[in-house]
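Enquirer: here are the coordinates; sequence isn't available:
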């Protein structure tokens, strides 16, 4: 992923990966399904995109920002899952 990310995006992915945030909740089966995707272009060489992910009855969002570089390649510059991966897991956040 290093060649496809810029700025803090790589570090964000490193923090998120071990959490497997899109996995099914404990005790449930079923693969996550992309329910909807969309994009917004705030600038000519920037795409801010999101995907709504369904896992059973649980709905999560995945947002990311892509920037088109001078070399003609698109790179991910930010990733957001709607929660802070550095925050401690509590009973309230464990089922997310």
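Expert: Right, received. Where do you want to start? All of these numbers come straight from a predicted model, not from anything done at the bench. Numbering: from 1, shown residues only.
Enquirer: Every contact and neighbour count from this point should use C-alpha atoms.
Expert: Fine.
Enquirer: Buried residues, the helix or strand bottoming out on mean pLDDT in the chain. List them.
Expert: Lowest on mean pLDDT, DSSP states H and E among the helices and strands of the chain sits helix 9-16, with a mean of 83. By 16 or more other Cα atoms under 10 Å, the buried positions in helix 9-16 come out as 9-10, 12-13, 16.
Enquirer: List the contacts of the next helix or strand after it.
Expert: Scanning forward in sequence from helix 9-16 by DSSP states H and E, the next helix or strand is strand 33-43. With contacts defined as Cα atoms under 8 Å, 6 or more residues apart in numbering, strand 33-43 is touched by 47-55.
Enquirer: okay, those residues in TSV with secondary structure next?
Expert: Formatted as TSV, the contacts of strand 33-43 follow (DSSP: H, G, I helix; E, B strand; the rest coil):
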residue	secondary structure
47	strand
48	strand
49	strand
50	strand
51	strand
52	strand
53	strand
54	strand
55	strand
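Enquirer: For the residue minimising distance to the centre of the chain, list each beta-bridge partner.
Expert: In the chain, the residue lying closest to the centroid (Cα atoms, centre = their mean) is residue 62, at 3.8 Å. Taking DSSP bridges as the rule, residue 62 bridges to residue 51.
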